[in-house]
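> Sequence plus predicted model, see below.
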Amino acid sequence: MKVTKYKNLYQLTWAPMLFPINCYLWENDDDIIVIDMGVKSFVSEIKKIAERLNKPISALLLTHAHADHVNGVPLFHKIFPNVPIEISERDFKLLDFTFKNSKYNNFCIIESPGHTPGSVSFFEKESKILIAGDAFQTRGALLFQEH
Ligand SMILES: [Zn+2]
């Protein structure tokens with residue numbers, strides 16, 4: 001598991017040299033928002049980081065419903081049963097499991113259909129960081145563009 005940190009963003013990458021699967025953590029002042037949950041092993045890593053930062057996880061946001069973005073969701077939901085999980089209505093229909101839904105948080109949601117009909121991207125206004133799931137990819141790295 002490779003962990004890369006940039007500003008408030010943590011990128012967890014499983015199999016970075018083979019078939020990179022990413023999960024992101026956004027650290028706010030009082031909580032942590034998780035984006036995508038492609039493999040089960042992200043859950044224990046996220047738990048460790050949250051405990052180290054001493055902050056609760058307030059939401060899990062999913063960019064789309066492909067397996068490499070949602071396979072860890074059932075385990076995540078078991079370990080963090082009270083954390084709301086969000087996905088577009090369109091891609092929610094593709095899942096073979098369910099979870100408690102609630103409102104989106106302070107990330108801007110940008111509809112980004114193409115990779116899947118219900119793909120969305122998450123934009124953090126203050127840092128101008130965009131997390132686009134598979135609508136935009138880099139291989140095994142974060143792509144930085146300073147403004
Ligand atoms: Zn995909």
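Here it is on my side, so go on.
> Near the ion, which residues of this structure are found?
66, 134 (C-beta under 5 Å from the ion). Placement of C-beta: from N, CA and C, glycine included.
> center of the chain - which residue?
Geometric centre of the chain, nearest residue: residue 35, 1.2 Å, by C-alpha atoms, centre = their mean.
> Which residues outside the longest helix along the chain are in contact with it?
Longest among the helix segments of the chain by residue count, using DSSP state H, is helix 41-53. By C-beta atoms under 8 Å, 6 or more residues apart in numbering, the surrounding residues in contact with helix 41-53 are 1, 3, 10, 12, 14, 23, 25, 27, 32, 34, 37, 56-57, 72, 75-76, 79.
> which of these count as buried?
Among those, those classed as buried by 16 or more other C-beta atoms under 10 Å are 10, 12, 14, 23, 25, 27, 32, 34, 37, 57, 72, 75-76.
> from those residues, which is closest to residue 66?
Distance to residue 66 across these (C-beta to C-beta) is lowest for residue 37, with 11.6 Å.
> what about the nearest residue to residue 129 once chain neighbours are set aside, how many neighbours?
Sequence neighbours aside, residue 9 is the residue nearest to residue 129 in space, at 5.9 Å (criterion: C-beta to C-beta, 6 or more residues apart in numbering). For residue 9, the neighbour count with other C-beta atoms under 10 Å is 17.
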